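1. I would like to see how this sequence folds:
(4 chains)
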2 protein chains.
Amino acid sequence: MSVKHGLLGLLAQKPQNGYELKNSFDKIAGGFWDVNYGQIYSTIDRLVKDGLVISSVEGKESAERRVYQITEKGIKEFKDWLDKPSAKIRPLRDEVFVKLAFMYPFDRDAILQLLAEQRQLYLAKMAELTRQKYLLSRNGISRDNLMTDLLLDAALFHAEADIKWIEHCEVKLREFEGEPPVSDG
Amino acid sequence: MSVKHGLLGLLAQKPQNGYELKNSFDKIAGGFWDVNYGQIYSTIDRLVKDGLVISSVEGKESAERRVYQITEKGIKEFKDWLDKPSAKIRPLRDEVFVKLAFMYPFDRDAILQLLAEQRQLYLAKMAELTRQKYLLSRNGISRDNLMTDLLLDAALFHAEADIKWIEHCEVKLREFEGEPPVSDG
DNA sequence: AAAGTTGTATATACTAGTATATATATCTTA
DNA sequence: TAAGATATATATACTAGTATATACAACTTT
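-> Predicted coordinates for the structure are as follows:
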């Protein structure tokens, strides 16, 4: 639902073609929500079909562009979406969990290795996010970049939670093997 | 990729029909990964197409069941998947983030209200997870239910991270309005 | 035993997201 | 200015996930 309504929000600002919509979406949601061109076009086609958006063709014959414009119905849909709370909590769909669920209770060492590899990934992710935050706030946090900074924080909080959970798993798994928990460091 | 490989893992244990696969998947991954019957059938069709699974028809004519069986190729695919680290970190795709990105910097009060509503959702989620953990561990945590317990912890850690982030947002947003940060409690 | 409920099983039409190909336009530098 | 690189723009074929309809089987209540 988010890409659909995101596109409506962008078109509420000004009419744009598919390529521009992709760039605009990235500018607002990039980092926490990647869209693909294919998705932009198929989503916008549905919006047109439902009468939330209308399209017109511009440019010379050799290079036509379809420019999309929001309708009254589209504006209403967007505003309603903003007002309505997002009732569904996103599912915690992580491939690692499925792997762990299938590996356990066999292969304790393989599980510990998998967890160690995942930790490295999350640490790398945190480093990257921290770098992005630094670049963003070199000249201080202003109203203009506050939300971007907060969204980077959300990603950081979740990466931290993942790492904390991996360490929690390592301790529990070792406890169940009768080994003493790993010491700090 | 996870549903596909999860189904292979289940069929590596024993041949099953679509309905049984759905139940088996729920038993292992339920809570952190919900699958839908439609997805089971379309995924298994692809597995058959790729030669990782073969199907045979059982039951009387009025009530036919298609029973699926894993092939050598399928077993290899499953084992390779288990061994290979899951390089991609799941994107933090949350509808709330998109809403916030579009609401900001307008409607500070609407943003604060949205955040408050989300907090309630996460608190309810935590209560539910805590209840599930309690039910699971009434008779103690054993090797049999350790992984289930750990996966519930993962969900709890993430809900905690969401709540922590919401509070972080509230403080930052209020700071930028020149108001003092909210006091504890 | 007819009626209603729950469980078993599959199908279908849809939305959402990914991967990649293609073609023209513009910029850039040898 | 021709060659090569980058930006603009769309299309297509695919995988992944959701919502809902359908149909028969088995249980269960009157």
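
2. give me the number of residues near the closest residue to DNA strand C within chain A?
-> Residue nearest to DNA strand C within chain A: A:Gly38 (2.5 Å; CB to the nearest atom of the strand). For the C-beta atoms, the positions are set from N, CA and C on the backbone; glycine is no exception. Look at A:Gly38: counted by other CB atoms under 10 Å in any protein chain shown, it has 8 neighbours.

3. in chain A, which spans are helices?
-> Per DSSP state H, chain A carries helices over the ranges A:2-13, A:18-29, A:37-49, A:72-83, A:95-103, A:108-137, A:143-176.

4. now these as a markdown table including distance to A:Arg66 and mean pLDDT?
-> Supplementary listing: the helices of chain A in a markdown table, determined by distance: least, CB to CB, whole Å; pLDDT from 0 to 100:
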| stretch | distance to A:Arg66 | mean pLDDT |
| --- | --- | --- |
| helix A:2-13 | 13 | 97 |
| helix A:18-29 | 7 | 95 |
| helix A:37-49 | 9 | 97 |
| helix A:72-83 | 16 | 95 |
| helix A:95-103 | 36 | 93 |
| helix A:108-137 | 33 | 91 |
| helix A:143-176 | 30 | 93 |
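
5. which residue packs closest to A:Leu115, ignoring adjacent ones?
-> Spatial nearest neighbour of A:Leu115, chain neighbours left out: A:Ile166 (5.0 Å); criterion: CB to CB, 6 or more residues apart in numbering or on different chains.

6. Let me see the domain layout of chain A.
-> Taking automatic domain parsing as the criterion, chain A consists of the domains A:2-83, A:95-176.

7. Tell me which of those domains lies nearest to DNA strand D.
-> domain A:2-83 (2.8 Å).

8. So for the closest one, first residue to last residue, what's the gap.
-> The straight-line separation of the ends of domain A:2-83 (CA to CA, to the nearest Å) is 14 Å.

9. what does chain A put close to DNA strand D?
-> Contact residues, chain A versus DNA strand D (CB under 7 Å from any atom of the strand): A:17-20, A:22-23, A:37-38, A:41-42, A:63-66, A:91, A:93.

10. one more time with 10 Å, if that's ok
-> Listed as neighbours of DNA strand D in chain A under the rule CB under 10 Å from any atom of the strand: A:1, A:16-23, A:36-42, A:44-45, A:55, A:57-59, A:63-68, A:88, A:90-91, A:93, A:95.

11. Could you pick out the buried ones from those?
-> Neighbour-count burial (16 or more other CB atoms under 10 Å in any protein chain shown) applied to the residues of chain A next to DNA strand D gives A:Gln16, A:Asn17, A:Gly18, A:Glu20, A:Leu21, A:Lys22, A:Ile40, A:Ile44, A:Ser55, A:Val67, A:Tyr68, A:Glu95.

12. Which members of the residues you listed additionally contact chain B?
-> Within the set of these, contact with chain B (CB under 8 Å from any CB of the partner chain) is found for A:Glu95.

13. okay, the buried ones among the residues of chain A next to DNA strand D in CSV with distance to DNA strand C next?
-> CSV is the format used below for these (distance: CB to the nearest atom of the strand, whole Å):
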residue, distance to DNA strand C
A:Gln16, 17
A:Asn17, 13
A:Gly18, 11
A:Glu20, 15
A:Leu21, 13
A:Lys22, 10
A:Ile40, 8
A:Ile44, 10
A:Ser55, 17
A:Val67, 16
A:Tyr68, 15
A:Glu95, 12
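
14. ok, which pair from the buried ones among the residues of chain A next to DNA strand D is furthest apart?
-> Using CB to CB, these reach their maximum pairwise distance at A:Val67 and A:Glu95, which is 39.1 Å.

15. what does chain A put close to DNA strand C?
-> Proximity of chain A to DNA strand C, by CB under 10 Å from any atom of the strand, involves residues A:1-7, A:19, A:33-43, A:45-47, A:49-50, A:59-65, A:90.

16. And the pLDDT for A:Gly178?
-> For A:Gly178, the pLDDT comes out at 66.

17. what about A:Trp165, neighbour count?
-> Using other CB under 10 Å, the number of residues around A:Trp165 comes to 23.

18. who touches it in this structure?
-> With contact set as CB atoms under 8 Å, 6 or more residues apart in numbering or on different chains, A:Trp165 has these partners: B:Leu150, B:Asp153, B:Ala154, B:Phe157.

19. which one of these has the most neighbours?
-> Ranked by the number of neighbours (other CB under 10 Å), the contacts of A:Trp165 place B:Ala154 first, at 24 neighbours.

20. Help me confirm that that residue comes into contact with A:Phe97.
-> Yes: counting by CB atoms under 8 Å, A:Phe97 is a contact partner of B:Ala154 at 6.7 Å.

21. Now list whatever residues contact both of these two.
-> The contact sets of B:Ala154 and A:Phe97 overlap at B:Phe32 (CB under 8 Å, 6+ apart).

22. Give me the distance between the two termini of stretch A:55-63.
-> End-to-end distance (CA to CA), stretch A:55-63: 16 Å.
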